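S.K.: Give me coordinates for this.
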Amino acid sequence: MAHTLVIVESPTKARTIKSFLPKGFQVIASMGHVRDLPKGASEIPASKKKEKWSRIGVNASADFEPLYVVPKDKKKVVRELKSALKDAKELLLATDEDREGESISWHLLELLQPKIPTKRMVFHEITKQAITKALEKPRDLDMELVHAQETRRILDRLVGYTLSPLLWKKVAWGLSAGRVQSVSVRLLVKRERERRAFKRASYWDLKTILEKEKNPIEARLISFKDKKIANGSDFDEKTGELKKTSKANLLKEMEAKELAKEVAKDKWTVKSVDKKPTLRKPVPPFTTSTLQQEANRKLRLSARETMRCAQGLYERGFITYMRTDSVSLSQQAISAARECVENRYGKEYLSESPRQFRSSARNAQEAHEAIRPAGETFKAPKDTTLNGRDLALYELIWKRTVASQMAEARLTMLSVDIKVSNAIFRATGKNIDFPGFFRAYVEGSDDPEAALEGQEVLLPNVSVGDELFAKTVDAIAHETKPPARYSEASLVKTLEKEGIGRPSTYASIIGTIVDRGYASLNTNSLAPTFTAFAVTSLLEEHFPDLVDTTFTARMESSLDEISSGSVEWLPYLEAFYKGSKGLAAQVDKREGDIDGKAYRKVDLEGIPCTVRIGSNGPWLEGKRINEDGEEVDAKGNLPMDITPGDLDSEKVKQILDGPSDLGLHPETGEKVYLRFGPWGPFVQLGEAIDKDQKPRRASIPKDIKTEEVSLTDAVKLLSLPRLLGSHPDGGKVEARTGQFGPYVVWDKEDGEKPDNRSLKKEDDVYQIDLKRALELLAIPKLGRGGRMALRDLGRPKDEEENIHVYNGPYGIYVKQGKINASLPKGMEADDVTLEEAVKLLEEKKSSKKAPRAKKKKSKTASSKKTTSTTKSGRLRASAVKIVKTKD
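M.R.: Here you go, the predicted model:
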């Protein structure tokens, strides 16, 4: 029986939409893009491999004709889609309504070549009302959006595939460059340079606790002898001295302490009282970038985790579309938000009139609505079936949306100046007269009610001329701090402010920066690596425009103008890539002039050595003093967790001086050394006799300073691994420590794979016994990286091990024994069944076993369809034509 075929991107979205459709509809997932530019030589068709341009996947000499291929893992999906299309009477392309979604629909159209009526079905939320409306008002494919996405894709490929090989030759293999990625890396490097150049300064001030009728008042010194007291903003970051323009009074330690003693005995009188009414307006509902920023600050989610979670919430019908830079709300959303406010907080908490917002971000596209709870009424977080981070993110979106329609918070800012001797102290306070939207949402706080208490700073009632009693007066030391490293939230905010890239790409950009080794993410801070310094230096000197924020922002504006049709795509690409000033010619011209050795090293001011970038990571080259007191050349591995901002003269000396002799081991009589390797500092027992027999070594925990390591500490560290006893099922159990911390391991008999478990916080690797070790080994196995299984799919028939679902750094995957298999793009952890998991794992096993075979040349019609372009427009008019449905 003929049906209407609906194609979406993911199984979750398909399942949600299907529940709102009447009978006669079949919904299938394409698992994201079904066609793309080739990712490697293996994906390039045999007929194109001899073409020089095929490596890039774009033929610049033929009007930038792209080479599209169906990846190996998508061929089965395409076959299933074609099969479903045979019995269909109508095709609805229901991919997301942004550029990416429009592009997926176009590629589906190109591959499937439907002969039945075809329409584009768009919606910004997955609710029954939205789906019904979308069915009633389908539209044609928006080719301006398709052109805009394809131009971006081609431009990014030209930049990445033209510059990256240059970095492989001049710096290190495997590096990458990107239109937005390289600018982002430079932002991190510039901030780290500022941190290294920063000169600390110290200053003092006074703090007092005064009393008025036993009510405390905290105040700080603001002026002395009619001169303002210096604070952190008065210092020059490069010199550590007061700025030349500053007229502030810099208190030294002795002066501050003497002044504290002097004023403690004097009379304290209220000089002035200032009360200033203030209104605070709620912030706009979330855009993609503000959601990433706030989820990072409040929930400690990475940009990638936030978008993955938001995607799931959207596809399950909980929120509206999550890739948007609009802050506006529909009338339906405003009504729903105002209803929530009235029901939960009362009419007095409603804003006087419905509130709308406009985006202040550069290059903002106001096509979509802000991110908000889906539907005509907003489901309260506690009334959903969500849990964990899904619930936390939904609650964040719900609170921010509801708060946007609430009344302003009314506050009174208080300032009391108190005179004593020649000094003026100031006490500040804040009264919340009416909390307004604070009741629902306070930026940077998880608990609005608790935040209200924290925001209010009450002062007792005082009047001019009142005398106060000084309970304590203390001299307080301060030290200026260097600029903070970028967090994911602050980097996203900067990129959006500068107009670099699109908010929908920020998560993948930050992920790529970390994955490619340009930055490490520690305690929510992005610290650039030595490789980032080397690559940025090369690009700054030879391709300055490509890492300049202004140039990149102009490029982004041009791409937006292409999407609106006001700028032609072909002349733009021609000017950027071709000609004597184009990127291709510039790379060819400068490749011979660039000295790779000069960029495989990093010189840092104040560091008495050179950091060199090697194939196995960075290492130090400098001088050390030998046993005879002579200065000799020295080299040393640089621990991978040391970043340019962490390296100082003390660490350099420790590394270049070589092994430190800590003394003799009390049991073996061998020397114990302190050494440094690429994975950090470690202690070693004895010398290496030959390559096959390595001496016993033990890593030094991060909480122990290398300069404080004693022989006793080293002997304790070297006591591992400890034999705890025999396992009831055979084999031995040991306590060990490794790169990821202490653990117990069960070495099984007959050569079986060892089984291990990380120790808990309460366990001590040096004290744990066999009983406790067996308890830990009985706990279900965690996935790679110490991850707990999201789901246990069960044990397949005739198999010995269960299949589990895990969430890893590169996405969701299934695991059975030693075999891992990633889920197809668009498939979520809740979607995969045991049968699908078995199939994925079997495909993974067969791909590992399959021998590489030479591909035969094929002249079939299907192989010819890997490209679909023209010299004049890349996208054939016939290819983009959609058969209109009958009215």
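
S.K.: So which residues of the stretch 701-850 of the chain form helices?
M.R.: Remark: helices assigned in the stretch 701-850 of the chain by DSSP state H, counting those that start in this stretch are 711-718, 770-777, 834-849.

S.K.: Tell me which of the ones you listed sits nearest to Lys281.
M.R.: Among the helices of the stretch 701-850 of the chain, the nearest to Lys281 by Cβ to Cβ is helix 834-849 (49.3 Å). Backbone N, C-alpha and C define where each C-beta goes, glycine included.

S.K.: Distance of Gly174 relative to Gln129?
M.R.: According to Cβ to Cβ, to the nearest Å, Gly174 stands 50 Å off from Gln129.

S.K.: most packed of the helices of the stretch 701-850 of the chain?
M.R.: A comparison of these by mean neighbour count, using mean count of other Cβ atoms under 10 Å, puts helix 711-718 on top with a mean of 18.

S.K.: Work out the gap between that helix and the centre of the chain.
M.R.: Its chain's C-alpha centre and that of helix 711-718 lie 39 Å apart, by Cα atoms, centre = their mean, to the nearest Å.

S.K.: for stretch 18-35, same thing?
M.R.: 31 Å.

S.K.: what about the helix or strand hosting Ala219, average pLDDT?
M.R.: Counting by DSSP states H and E, the element that carries Ala219 is strand 215-224. Averaged across strand 215-224, pLDDT comes to 95.

S.K.: Going forward, count from 26.
M.R.: Sure, I'll start numbering at 26, so the last one becomes strand 240-249.

S.K.: That one pairs with which strands?
M.R.: Neighbouring strands of strand 240-249 in its sheet, by DSSP bridges, are strand 227-237 (antiparallel), strand 252-253 (antiparallel), strand 448-459 (antiparallel).

S.K.: wait, isn't Ser562 in contact with Tyr624?
M.R.: Yes - using Cβ atoms under 8 Å, Ser562 makes contact with Tyr624 at a distance of 6.2 Å.

S.K.: more crowded one of the two?
M.R.: Remark: of Ser562 and Tyr624, Tyr624 carries more neighbours, 22 against 18, as counted by other Cβ atoms under 10 Å.

S.K.: Run through the residues that contact that one.
M.R.: Neighbouring residues of Tyr624 by Cβ atoms under 8 Å, 6 or more residues apart in numbering: 195-196, 559-560, 562-563.

S.K.: What about the residues you listed, which one has the most neighbours?
M.R.: Per-residue neighbour counts (other Cβ under 10 Å) across the contacts of Tyr624 peak at Val560, which has 29 neighbours.

S.K.: Determine which two of the contacts of Tyr624 are furthest apart.
M.R.: Maximum pairwise distance in the contacts of Tyr624, criterion Cβ to Cβ, is 10.8 Å, between Lys195 and Ser562.

S.K.: Would you tell me what the next helix or strand after the longest helix anywhere in the chain is?
M.R.: In the chain, with assignment by DSSP state H, the single longest helix is helix 168-195. Once helix 168-195 ends, the next helix or strand along the chain (criterion: DSSP H and E) is helix 206-222.

S.K.: the strands in the stretch 526-675 of the chain, which residues?
M.R.: For the stretch 526-675 of the chain, applying DSSP state E, counting those that start in this stretch gives strands covering 544-547, 550-553, 626-627, 634-639, 642-650, 656-662.

S.K.: quick revisit: now the helices of the stretch 726-875 of the chain in CSV, please, with extra columns for mean pLDDT.
M.R.: Converted to CSV, those look like this (pLDDT from 0 to 100):
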stretch, mean pLDDT
helix 736-743, 89
helix 795-802, 92
helix 859-874, 79
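
S.K.: Quick check: which element contains Ala335?
M.R.: Short version, using DSSP H and E: Ala335 is in helix 328-340.

S.K.: CA atoms only for that helix, dumped as PDB, please.
M.R.: Output of helix 328-340 as PDB, limited to C-alpha atoms (Å, rounded to 0.1, in the frame of the first residue of the first chain):
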ATOM      1  CA  ALA A 328      30.000  23.000  24.600                       C
ATOM      2  CA  ARG A 329      30.000  19.600  22.900                       C
ATOM      3  CA  GLU A 330      28.100  18.000  25.800                       C
ATOM      4  CA  THR A 331      25.600  20.800  25.900                       C
ATOM      5  CA  MET A 332      24.800  20.500  22.200                       C
ATOM      6  CA  ARG A 333      24.500  16.800  22.400                       C
ATOM      7  CA  CYS A 334      22.100  17.000  25.300                       C
ATOM      8  CA  ALA A 335      20.100  19.800  23.700                       C
ATOM      9  CA  GLN A 336      19.800  17.900  20.500                       C
ATOM     10  CA  GLY A 337      18.300  15.000  22.400                       C
ATOM     11  CA  LEU A 338      15.900  17.300  24.200                       C
ATOM     12  CA  TYR A 339      14.800  18.800  20.900                       C
ATOM     13  CA  GLU A 340      14.300  15.500  19.100                       C
END
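
S.K.: Show me what whatever helix or strand comes next after it is in contact with.
M.R.: Next in sequence after helix 328-340, counting helices and strands by DSSP H and E, comes helix 356-369. When contacts are defined by Cβ under 8 Å, 6+ apart, helix 356-369 is touched by residues 345, 354, 374-375, 379-381, 394-395, 397-398, 400-403, 405, 426-427, 429-431, 465.

S.K.: what does stretch 252-266 give?
M.R.: Residues outside stretch 252-266 that contact it (Cβ under 8 Å, 6+ apart) are 219, 222-226, 228, 230, 246-248, 267-269, 271-276, 503, 505-508.

S.K.: Return a PyMOL selection command for the buried portion of those.
M.R.: Buried subset of the contacts of stretch 252-266, written as a PyMOL selection, criterion 16 or more other Cβ atoms under 10 Å:
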select buried, resi 226+228+230+246+247+248+267+273+274+275+276+505+507
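
S.K.: most tightly surrounded among the strands paired with strand 240-249?
M.R.: Buried most deeply of these, by mean count of other Cβ under 10 Å, is strand 227-237, with a mean of 19.

S.K.: next one: it to chain centre, how far?
M.R.: From the chain centre to the centre of strand 227-237 is a distance of 41 Å (Cα atoms, centre = their mean).

S.K.: same check, this time on stretch 104-114
M.R.: Its chain's average C-alpha position is 39 Å from that of stretch 104-114, according to Cα atoms, centre = their mean.

S.K.: quick one: pLDDT of the residue nearest to Leu584 when sequence neighbours are not counted?
M.R.: Nearest non-adjacent residue to Leu584, counting by Cβ to Cβ, 6 or more residues apart in numbering: Arg177, 5.7 Å away. pLDDT recorded at Arg177 is 91.
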